[in-house]
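Peer 1: below: sequence and its predicted model.
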Amino acid sequence: MSVTDFPELPWMWAGLAAYMGATVMAFRGVITMENIGALSAPSRINQQVVLACIVIGIVLLTISLGVRWDRLGHGPFVNLFELLISQLWSLGLIYALVYWRVPALRASAVVVMPLIWILGTWVLFIEPADSRFPPTYSNNWLWAHVGFGKVFLTFCLVAAGLAGIILLRSLPLARDWFRGMSTELLDQMAWRFMILVLVFDSLMLIAGAVWAQDAWGRYWAWDALETSSFMTWLSIGAAIHVRMTYKLDPRIGALTILAIFGLAFVTYFGAPFYSQAAHKGVI
Amino acid sequence: MRWLRRLASTRLTLVGMVLLAIGAGLSYDNPEHMPVWVLATPMALLALNLSAAIVVYPAIYRNPGLLVFHLGLLGICVLAAIGRLTHYEAHVEMSKGQIFATEAANDVRHGPLHMGDLDSVRFVQGPWTVDYTSRLTRGPTRSHVLVPDEQEGWQEIIVGDDTPMILEGFRFYTTFNKGFAAVLTWIPDEGEAVTGTIHMPSFPLFDYKQSNSWQPPGGQEIKFWLRLQTAYDIDGSWTLDGKTSSAKLVVNTGEERHELDPGQAVPMEGGQLRFDELTTWMGYRIFYDPTLFGLFISSMLSVLGLCLHYWRKFAHKPLATEVLYGRDNVSAPGVTHKTDADAPVQANQRNTVHL
Ligand code: HEM
């Protein structure tokens, strides 16, 4: 694996370094909370540095993706390396937008960034092998499917970040990190994100089914990805119903959200392990 | 009406969802060999449960968003069931110049209520090309087909990969299964000549065994083998195209072996066999399901209903930033609000979250 063969790599490494900066600063922010009476929060300057680091990371990853796209002549849709790097880019991008527009959830970066690092570490260990674009991928529904999927996964990540705070604050180590935050309201906010997750997951599945009908002549065939993504969708619906039917303790709710995030994660990144290709029709 | 309330229970919904998840798990990778009830039973249970809930719960029927959402889900269940009952799937191999006829379809599977009119589908197969890059990676397929136009003539269209040909509701998809064929004419010593095609196995998948056999009525089995000249290149880019390919046909009757160029004939017991020309065939997958558009509309309406429900539910209930940090905390004794620019953003009450 040499840089001359894969000129996109240095840009990717630089992007990850920027994400590392954001991660370190996010932790620094909650450890050195500024106190105003009973209220505490990361300082404004700290929040700006975190956001700036994520934005720099996105710019560098955009260049990395652009260099690879230009070299191969097609977008990052085919192999695991491409899937990981494009998700690192979109999770960062959409999370940065949420971070910017919804200051109340900025503390979630201490959970969100480490979750992003699962992908960040993984991508460093796999061959950035060149991929070939299957003929059935030149379909406009692909864009809708991939786009909705990216929004779905990031909103799921944000909900997981808020759920993570609910769980983390009961640990002695992190007891002081989120002082003054209301668990009940963190829980409500996390579930509002889960509703957005249901909306975008549904849209992703619809666009995917239309594409599958065009590409492979069937809209649903229970392949690895389809089965796993249906389970994810159903579990979101079931979780919303459970919460509606029984009064859920926020910590159980938080564990449920993390489990759903885990399922979505396995759908995206686990399928290559138990299926020959992300989608059967690729072969 | 007690039974209706029981049937509408949201606890039953959870049971149905668990059963559906089990059914989905069992269908994984193997839906063809799984009995249909593993999915049909939980879906029927959920459909009944949902229909009852729509009637029983004012929370659903008084709330347009939630109603449209759940009706959309019900629509998807019902349409999926109708789709399974009326679907039709098959494969067909079409050689160049051949007019489609229902009898040519094979591997036919269809639902008990299938009512599509495949007999009225008419098209003529034309030539096709498939691009390849190194290591035989398949690129775009372009299959030229003549279909009836509005003035009772024919019009040429190009289909392939994710652009199916749709005729009378039947969708024809090109497949990787395609190859070469030999057009042969049997000229008997007495009687009329008959022309037909012999399809060789899929190319380039089976490029090493381009052979087939045929037994003339009352005669002995004849084995055919095509010695092909194509642009085939394992390391580079090339286009598979009948027009730029040529072949010699090796005819083996057991005792004798002949190599024929197009136009040449070989004498045999009771007549002559002529190799007229090299041609190609394309394998299509046929798919018919009259519910596709309805499913799309139903699922989109469902999502719109969900958006409407939550819009109405939350639009007037923003989660304010200060609330996240606890309104009680903000007004707690000893809390002073800084107004300078250095104040932490969360402490600044301007930020309101609309989610
Ligand atoms: C199949 C049987 C189903 C039944 C009987 C059912 C029943 C209900 C009922 C009674 C409500 C009442 C809401 C309220 O009291 O405010 C509700 C809400 C809801 N249902 Fe279902 N449902 C079913 C299936 C589903 C499925 C499959 C999903 C999604 C995957 C779903 C998602 C929702 C959502 C998102 C809400 C709104 C909850 C809220 O306002 O927070 N439902 N459902």
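Peer 2: Cool, got the structure.

Peer 1: which ones are touching the residue of the stretch 151-283 of chain A at minimum distance from the ligand?
Peer 2: Closest contact between the stretch 151-283 of chain A and the ligand, by C-beta to the nearest ligand atom, is at residue A:237 (2.1 Å). (Glycine included, C-beta is placed from N, CA and C.) By C-beta atoms under 8 Å, 6 or more residues apart in numbering or on different chains, residue A:237 lies in contact with A:198, B:17.

Peer 1: how close does it get to residue B:84?
Peer 2: To residue B:84, residue A:237 is 22 Å away according to C-beta to C-beta, to the nearest Å.

Peer 1: report the helix or strand with the lowest average pLDDT across chain A.
Peer 2: Every helix and strand of chain A was ranked by mean pLDDT, DSSP states H and E. The lowest is strand A:34-36, at a mean of 63.

Peer 1: about what we covered before: quick check: the gap between the residue of the stretch 151-283 of chain A closest to the ligand and residue B:71.
Peer 2: Between residue A:237 and residue B:71 the distance is 15 Å, computed by C-beta to C-beta.

Peer 1: most centrally placed residue in the chain?
Peer 2: In the absence of a named chain, this looks at chain A. Nearest to the mean C-alpha position of chain A, by C-alpha atoms, centre = their mean, lies residue A:154 at 4.0 Å.

Peer 1: the chain in question should be chain B.
Peer 2: Against the mean C-alpha coordinate of chain B, by C-alpha atoms, centre = their mean, the closest residue is residue B:287 at 6.9 Å.

Peer 1: what are the ranges of the helices in the stretch 251-355 of chain B?
Peer 2: B:292-314, B:321-324, B:327-330 (DSSP state H, counting those that start in this stretch).

Peer 1: and for the stretch 1-150 of chain A?
Peer 2: Under DSSP H, counting those that start in this stretch, the stretch 1-150 of chain A gives helices at A:9-31, A:44-72, A:80-101, A:109-124, A:140-168.

Peer 1: out of those, which is closest to chain B?
Peer 2: Closest to chain B of these is helix A:44-72 (C-beta to the nearest C-beta; 5.4 Å).

Peer 1: what comes up buried for the closest one?
Peer 2: For helix A:44-72, a neighbour-count test (16 or more other C-beta atoms under 10 Å in any protein chain shown) marks A:44, A:46-47, A:49-51, A:53-61, A:63-65, A:67-68, A:72 as buried.

Peer 1: how is chain B carved up into domains?
Peer 2: Here the domain parsing of chain B from automatic domain parsing is B:2-87+B:290-314, B:178-280.

Peer 1: in CSV, list the ones you listed along with mean pLDDT.
Peer 2: What follows is these, written out as CSV (pLDDT from 0 to 100):
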stretch, mean pLDDT
domain B:2-87+B:290-314, 95
domain B:178-280, 91
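
Peer 1: the residue nearest to the centre of chain A contacts residue A:90, doesn't it?
Peer 2: Yes. Under the criterion of C-beta atoms under 8 Å, residue A:154 makes contact with residue A:90 at 6.7 Å.

Peer 1: residue 81 - how many residues pack around it?
Peer 2: No chain specified, so I'll use chain A. 21 (other C-beta atoms under 10 Å in any protein chain shown).

Peer 1: chain B, not that one
Peer 2: If you count neighbours by other C-beta under 10 Å, residue B:81 ends up with 18.

Peer 1: do the one 10 residues further on as well
Peer 2: One way to gauge burial is a neighbour count; for residue B:91, by other C-beta under 10 Å, it gives 16.

Peer 1: tell me how far the closest residue to it other than its chain neighbours lies from the ligand.
Peer 2: Spatially, and ignoring its direct neighbours in sequence, residue B:91 is nearest to residue B:107 (4.7 Å; C-beta to C-beta, 6 or more residues apart in numbering or on different chains). Applying C-beta to the nearest ligand atom, to the nearest Å, the value for residue B:107 to the ligand is 34 Å.

Peer 1: would you confirm that the residue of the stretch 151-283 of chain A closest to the ligand belongs to a strand?
Peer 2: No. Residue A:237 sits outside any strand when classified using DSSP: H, G, I helix; E, B strand; the rest coil, being helix.

Peer 1: the ligand is nearest to which of the helices of the stretch 1-150 of chain A?
Peer 2: Judging the helices of the stretch 1-150 of chain A by C-beta to the nearest ligand atom, what sits closest to the ligand is helix A:140-168, at 13.6 Å.

Peer 1: average pLDDT for the helix or strand immediately after the closest one in the chain, rounded please.
Peer 2: Downstream of helix A:140-168, the next assigned helix or strand under DSSP states H and E is helix A:183-216. For helix A:183-216, the mean per-residue pLDDT is 95.
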